[in-house]
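*Asks:* Need coordinates for the following:
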Amino acid sequence: MPTSKPTNIDAQRILAIMDELKEKLTYLSVATPQVLQGLQSEEGQAAQELVGPELMKQFAEQMRLEELYVVANANADRDIGHGDENEEVREEEHSLKKNTLELCRKMRAIPNIVPELRNFQERDATRNVIQFLKTLADMQDLTLKRLTTTVEEERSRTELLEHYKNREAEASKRRQQLEKDLTHLKFACERAQSQRNEILTKLKADLYEVRDSKQERMAALRNRYETRMKEQKAAFLAKEEEMRRKINKLKEDNKKTRANNEEEELGQKSKGKRYEMDVESVIKQYDVQVKEMAFTLAERMDAYKKEQKQLNELADHFKKVEEERATIAAEEAIADARRAKREAERARRDASSALVQAFWRGILAREQYGQMKKAKKKKGGKKKK
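*Replies:* This next block holds a predicted model:
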């Protein structure tokens with residue numbers, strides 16, 4: 001028994017095998033005699049076209065091999081030790097495996113074949129297979145978790161499993177106690193049931209006696225009510241004859257009244273026709289007025305639309321004029337600013353040039369003063385000599 005933890009490749013192989021097993025079980029869950037009968041019926045013509053004749057033959061062969069395999073296994077269980085029969089069982093098992101693989105391969109090539117074939121099955125018949133597939137999927141998830149679980153997680157789960165085992169032992173003890181209590185209750189219920197059966201037997205005997213007396217009473221009541229029914233029937237026939245006479249008299253009176261009211265009805269019809277003509281003339285006048293008003297309304301609407309268009313054009317024009325005026329004012333402001341800037345620059349340059357000229361004049365005046373001072377010194381030296 002290997003103690004090392006399986007690698008990712010081993011886990012992937014295990015999961016791939018379980019996925020293949022689920023897929024094959026899904027396909028084989030719809031490979032039943034009931035589905036084959038549904039495909040061969042008139043309702044299964046569309047599904048039969050989807051499956052194809054080759055797969056239909058494979059279905060029939062699968063059903064035949066399954067029946068042979070069941071019969072052979074039953075015979076092998078009865079006759080254990082006969083080598084020839086075991087050889088036949090092995091051959092049939094080999095044929096069944098080969099046909100099953102071929103059937104699954106062909107069904108895999110047809111998309112949505114399982115839902116189509118599931119329609120021919122009863123829900124109760126496939127409930128166990130679907131439950132088994134769900135259990136297999138849960139087992140696959142559990143296997144994946146076990147393969148990817150660390151040592152710490154495994155230890156914690158082991159401790160949790162021990163905890164649940166202890167709880168299971170306590171629950172088992174509790175169940176045994178409850179079973180004992182249930183046995184006592186069943187004994188008490190059986191005893192009460194026997195008492196009720198005795199009471200029921202007595203009541204049935206009383207019922208038989210009451211039923212006999214009831215039959216005699218029912219015969220007396222039947223004779224009494226049959227006599228009353230005959231009397232009521234004779235009274236009903238007399239009443240019916242009287243009512244028929246009244247109905248015939250009322251019919252004659254109705255005919256006379258209808259003849260008298262025909263002239264009045266004709267007069268009312270002529271009045272109705274005259275009123276209808278008056279209403280039609282009023283309707284025609286109203287239609288003419290409505291047409292004139294509609295025409296006037298259309299003209300006014302056209303005039304309103306023209307005035308609205310002119311108003312929009314004037315508004316756009318004045319808006320453009322205002323924008324142009326604002327643009328001109330902005331340009332004039334820019335020109336004034338440029339003019340003021342040029343004037344300020346000119347004043348600055350004039351002041352700078354005046355300063356430079358004054359500075360230059362000062363330099364020239366100092367040079368002239370220096371020359372004059374030197375000239376005076378020369379003249380003074382000559383005189384002293």
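*Asks:* Which residues are in contact with R342?
*Replies:* By CB atoms under 8 Å, 6 or more residues apart in numbering, the contact list for R342 is empty. (Glycine included, C-beta is placed from N, CA and C.)
*Asks:* centre of the chain versus the helix or strand hosting it, how much separation?
*Replies:* Using DSSP states H and E, R342 maps to helix 151-384. What separates the centre of helix 151-384 from the centre of its chain is 21 Å, taken as CA atoms, centre = their mean, to the nearest Å.
*Asks:* so where is the stretch 251-385 of the chain shaky, pLDDT-wise?
*Replies:* Scanning the stretch 251-385 of the chain for pLDDT under 70 picks out 380-385.
*Asks:* where in the stretch 101-250 of the chain is pLDDT low?
*Replies:* Checking the stretch 101-250 of the chain against pLDDT under 70 turns up 121-130, 132-133, 136, 140, 142, 144-154.
*Asks:* Apply 90 and report the result again.
*Replies:* 101-165, 167-168, 183, 185-186, 188-235, 249 (pLDDT under 90).
*Asks:* how about the spatially most central residue of the chain, secondary structure?
*Replies:* Geometric centre of the chain, nearest residue: P115, 20.3 Å, by CA atoms, centre = their mean. Put simply, P115 is helix when judged by DSSP: H, G, I helix; E, B strand; the rest coil.
*Asks:* Check F120 too.
*Replies:* coil.
*Asks:* before we move on, back to that, ok, the residue nearest to the centre of the chain to R157 distance?
*Replies:* 38 Å (CB to CB, to the nearest Å).
*Asks:* Over to V71?
*Replies:* 46 Å.
*Asks:* Torsion angles phi and psi at G44?
*Replies:* For G44, the backbone dihedrals are phi -100, psi 20 (criterion: degrees, to the nearest 10).
*Asks:* I110 too?
*Replies:* phi -100, psi 120.
*Asks:* which residues does it contact?
*Replies:* Here I110 is in contact with 50-52, 55 (criterion: CB under 8 Å, 6+ apart).
*Asks:* tell me which of the residues you listed is nearest to L25?
*Replies:* Ranked by distance to L25 (CB to CB), those are led by L55 at 18.2 Å.
*Asks:* does the closest residue to the closest one other than its chain neighbours belong to a helix or a strand, and which?
*Replies:* Distances taken as CB to CB, 6 or more residues apart in numbering put K106 closest to L55, at 5.2 Å, once the chain neighbours are dropped. Secondary structure assigned from DSSP H and E places K106 in helix 83-108.
*Asks:* That helix - contacts with which helices or strands?
*Replies:* Counting contacts by 3 or more CB pairs under 8 Å, 6 or more residues apart in numbering; DSSP states H and E, helix 83-108 packs against helix 8-29, helix 53-78.
*Asks:* Roughly how far does Y69 sit from T100?
*Replies:* 11 Å.
*Asks:* Equivalent analysis for A46, please.
*Replies:* Counting by CB to CB, the gap from A46 to T100 is 26 Å.
*Asks:* Tell me which of those two has more neighbours.
*Replies:* T100 (18 against 10; other CB atoms under 10 Å).
*Asks:* these two touch, right, the more buried one and L25?
*Replies:* No. Using CB atoms under 8 Å, T100 is not in contact with L25, being 10.8 Å away.
*Asks:* list the residues that contact both of those two?
*Replies:* With CB under 8 Å, 6+ apart, T100 and L25 have no common neighbours.
*Asks:* The closest residue to A60 other than its chain neighbours sits in which helix or strand?
*Replies:* Spatially, and ignoring its direct neighbours in sequence, A60 is nearest to L36 (6.6 Å; CB to CB, 6+ apart). Taking DSSP H and E as the definition, L36 sits inside helix 33-40.
*Asks:* what separates that helix from the chain centre, distance-wise?
*Replies:* On CA atoms, centre = their mean, the centre of helix 33-40 falls 33 Å from that of its chain.
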